[in-house]
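Engineer: Model the structure of this input:
(one chain, ligands or ions: 1)
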Amino acid sequence: MKSRGSWLGCVARKGKGYRDKDMGEERASKRANKPLGRAAKGPPPEKKGAEKRGKRILQKKAIAKTQPENGGKTGGAFSQQLPKEVPGLKSEKTFQSGGKKAHKKGKSVKGTGQIDPTREIAFDILEGVLEKSHTLEGGFSSVGHHQVEARDKAAAHRIAACVLRHLGTLEEVILPHVKRQPPLVVKIILLIGAAQLLFLETPSHAAVSTCVNLAKRRHLAPFGGLVNAVLRRVVEGGAVQLEELDQDRLDVPAWLWRSWGRKARLIAEALSHEAPLDITLKKGAPQPPGGQVLPNGSIRFPAGTRPVELAGFAEGNFWVQDSAATLPARVLNVQAGERVFDLCAAPGGKTAQLADAGGQITAVERDAKRMLRLAENMTRLGFKVEEVIADLLQWAPPQKAQAILLDAPCSATGTARRHPDVLRNRKAQDIRLWADQQERLLKSMPGLLEKGGRLVYSVCSLQPEEGVAHLDYAQSLGFVIDPIPPEELPFLPPEAFGKEGYVATHPGMWAEKGGMDGFFILRLRKVF
Ligand SMILES: C[S@@+](CC[C@H](N)C(=O)[O-])C[C@H]1O[C@@H](n2cnc3c(N)ncnc32)[C@H](O)[C@@H]1O
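Structural biologist: The predicted model follows:
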């Protein structure tokens, strides 16, 4: 089968080799005779929500395709026969121009049709991420659907995150059914429909009809037939299409896949699932019922759990923090009464840990809004810390610290399970900029730390430029590496420990428990 160009720029097909547009070459897969992708690996080890089960559900749907889902009743988009000629469908020469005109500036104006808050919000979030490079969370809070119920907002967030997580695969499923690329706004509607059909267990008739309705609402009625026809083809053949695709490879941009080396497939597999919710308990606080205690002490709840609904949230018994995110503050080994600087502190997960350990904490953060969130978190948790809104590069404290945690700004590729927009919005060339910024921050550390003091540098990035590449630079500043031995974090797999003494986790670790975020952690000592 010949590879087609995808909207993402990369096509991966089981057993057919990879075509990597970035590299401008087509190479035979070394794994041509090996099973690739999730289907080949068999069912996942444990249930982690509907997205994981997408393939099996679809297979059932494909088998049942001769039995109409509405029981043979007429009416509704799904029950119609597939029209022979649909604008934009593969068999047609061109799109009708009306829809293009309505959207020539990419505006998504509301038209007629039933209001469906969930898909409306999902659409707005995705338009923000895919067109304007907004973050998923930023888009979610700025779409302005304040009247909407929390349940609808949560459902919208889940749909948008699912589309972003499976973008390459969804594009590849849809692409064979369209003659040429539809406008982005139409594409978004198709992606929403396909994600619901393939990964979110939405009944077929509901997924199709809500997307046709969404097209009307967005003044895209001329594309309604296309949306209906394409999604019905996905209902009929999506399962079989998925079986052929190397989903792990498709859902990760080629440059990121290359940068992750041999770990790429493990990471990609982990990124294809919704992340669970991890919390850190305050010392002595009771554990909310229902969670699983992880080997590092974090408590894990299933994906989709809302922290505010867990017992003890309002009382300040815990804070939300991925299990891997607990490691940087842990290896700083703060003693009661020590003077500690928590640099780049907001929203404060690590500040809470340091305060809980009994340190005198000064939290420094440049972004006033984010510092407000830190302050709210500390108030809820009952921790007293000094909060300083300042650019760390200009900050001159009256006294130096005995210990510093520098949780530097970074590309955040290690958190892509929770923030799948990261996969779409980051560009290869951005990584160097983050790395330069991290070097500038590292350079300011000697001036803030007492002689003999400890510095932990951490980033939630999987990119070597932001982690291991800083080892020489840190030592050139006069620091010595204080190695973190495996015995100190015995619950991590051996591959998390670099021979130079750093720790690097990735989302594919603890796969049987639901994974962990990717962090790079380096402990240094000031000896000069
Ligand atoms: C990775 S986040 C920190 C997460 C935080 N440590 C936690 O555990 O919740 C990086 C933070 O660094 C802040 N930041 C970036 N550059 C900074 C600078 N020059 N001075 C102070 N804060 C900075 C960003 O605003 C951002 O809030």
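Engineer: C-alpha only now, for contacts and for neighbours.
Structural biologist: OK.
Engineer: And the next helix or strand past the longest helix belonging to the chain?
Structural biologist: Assignment by DSSP state H gives helix 224-244 as the longest helix of the chain. Past helix 224-244, further along toward the C-terminus, the next helix or strand under DSSP states H and E is helix 247-250.
Engineer: Show me what the helix or strand immediately after that following helix in the chain is packed up against.
Structural biologist: Per DSSP H and E, the first helix or strand lying C-terminal to helix 247-250 is helix 254-259. In this structure, helix 254-259 packs against no helix or strand, with contacts taken as 3 or more CA pairs under 8 Å, 6 or more residues apart in numbering; DSSP states H and E.
Engineer: If we use 10 Å, what do you get?
Structural biologist: Secondary-structure packing of helix 254-259 (3 or more CA pairs under 10 Å, 6 or more residues apart in numbering; DSSP states H and E): strand 18-20, helix 247-250, helix 264-271, helix 428-443.
Engineer: so which of these is the most packed in?
Structural biologist: Compared across the helices and strands packed on helix 254-259, helix 247-250 shows the largest average neighbour count, a mean of 26 (mean count of other CA atoms under 10 Å).
Engineer: send the alpha carbons of that helix over as CSV?
Structural biologist: Extracted in CSV, the C-alpha atoms of helix 247-250 (Å, rounded to 0.1, in the frame of the first residue of the first chain):
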residue,chain,number,x,y,z
GLN,A,247,-0.8,4.5,16.3
ASP,A,248,2.1,5.1,18.7
ARG,A,249,4.2,6.4,15.8
LEU,A,250,1.4,8.5,14.2
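Engineer: For that helix, name the packing helices and strands.
Structural biologist: In this structure, helix 247-250 makes packing contacts with strand 10-12, helix 37-41, helix 167-174, helix 254-259, helix 264-271, judged by 3+ CA pairs under 10 Å, 6+ apart.
Engineer: circling back to that earlier point, rank the helices and strands packed on helix 254-259 by mean pLDDT and give me the bottom one.
Structural biologist: Mean pLDDT per stretch puts strand 18-20 lowest among these, at a mean of 31.
Engineer: Show me the domain layout of the chain.
Structural biologist: As given by automatic domain parsing, the domain ranges for the chain are 46-250, 313-526.
Engineer: want to throw those into a markdown table with distance to Ile279?
Structural biologist: What follows is those, written out as a markdown table (distance: least, CA to CA, whole Å):
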| stretch | distance to Ile279 |
| --- | --- |
| domain 46-250 | 17 |
| domain 313-526 | 4 |
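Engineer: Would you convert those domains into TSV that also reports distance to the ligand?
Structural biologist: Conversion of those to TSV gives the following (distance: least, CA to the nearest ligand atom, whole Å):
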stretch	distance to the ligand
domain 46-250	14
domain 313-526	4
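Engineer: so which of those domains comes closest to Pro307?
Structural biologist: Counting by CA to CA, Pro307 lies closest to domain 313-526 out of these; the figure is 6.8 Å.
Engineer: Now do the end-to-end distance for that closest one.
Structural biologist: Across its full length, domain 313-526 reaches 39 Å between end residues, using CA to CA, to the nearest Å.
Engineer: how far out from the middle of the chain is it?
Structural biologist: Relative to the centre of its chain, domain 313-526 is centred 19 Å away, using CA atoms, centre = their mean, to the nearest Å.
Engineer: mind starting the numbering at 12 from now?
Structural biologist: Got it, first residue is 12 now, which makes that one domain 324-537.
Engineer: Return the longest strand in the chain, judged by number of residues.
Structural biologist: When the chain is parsed with DSSP state E, its longest strand is strand 460-470.
Engineer: what pairs with that one, and is each one parallel or antiparallel?
Structural biologist: In the sheet containing strand 460-470, its partner strands are strand 412-418 (parallel), strand 531-537 (antiparallel), by DSSP bridges.
Engineer: Output those strands in a markdown table, with mean pLDDT and mean neighbour count appended to each entry.
Structural biologist: Putting the strands paired with strand 460-470 into a markdown table (pLDDT from 0 to 100; neighbours: other CA atoms under 10 Å) gives the following:
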| stretch | mean pLDDT | mean neighbour count |
| --- | --- | --- |
| strand 412-418 | 98 | 24 |
| strand 531-537 | 98 | 25 |
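Engineer: Export those to a markdown table and append columns for distance to Asn307.
Structural biologist: Putting those into a markdown table (distance: least, CA to CA, whole Å) gives the following:
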| stretch | distance to Asn307 |
| --- | --- |
| strand 412-418 | 19 |
| strand 531-537 | 16 |
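Engineer: Let me know the angle separating the longest helix of the chain from helix 178-185.
Structural biologist: Relative orientation of helix 235-255 with respect to helix 178-185: 110 degrees, computed using axes from the mean of the first three to the mean of the last three CA atoms, to 10 degrees.
Engineer: Please write out the alpha-carbon positions of helix 235-255 in PDB.
Structural biologist: In PDB, the C-alpha atoms belonging to helix 235-255 read as follows (Å, rounded to 0.1, in the frame of the first residue of the first chain):
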ATOM      1  CA  GLY A 235     -22.900  18.900   6.900                       C
ATOM      2  CA  GLY A 236     -23.200  16.200   4.300                       C
ATOM      3  CA  LEU A 237     -19.400  15.700   4.200                       C
ATOM      4  CA  VAL A 238     -19.300  15.400   8.000                       C
ATOM      5  CA  ASN A 239     -22.200  13.000   8.000                       C
ATOM      6  CA  ALA A 240     -20.700  10.800   5.200                       C
ATOM      7  CA  VAL A 241     -17.200  10.800   6.500                       C
ATOM      8  CA  LEU A 242     -18.200   9.900  10.100                       C
ATOM      9  CA  ARG A 243     -20.500   7.100   8.800                       C
ATOM     10  CA  ARG A 244     -17.600   5.700   6.900                       C
ATOM     11  CA  VAL A 245     -15.500   5.800  10.100                       C
ATOM     12  CA  VAL A 246     -18.300   4.000  11.900                       C
ATOM     13  CA  GLU A 247     -18.300   1.300   9.200                       C
ATOM     14  CA  GLY A 248     -14.500   0.900   8.600                       C
ATOM     15  CA  GLY A 249     -12.700   2.700  11.400                       C
ATOM     16  CA  ALA A 250     -11.900  -0.500  13.300                       C
ATOM     17  CA  VAL A 251     -10.300  -2.100  10.400                       C
ATOM     18  CA  GLN A 252      -8.400   1.100   9.500                       C
ATOM     19  CA  LEU A 253      -7.000   1.300  13.100                       C
ATOM     20  CA  GLU A 254      -5.700  -2.200  12.900                       C
ATOM     21  CA  GLU A 255      -3.500  -1.200  10.100                       C
END
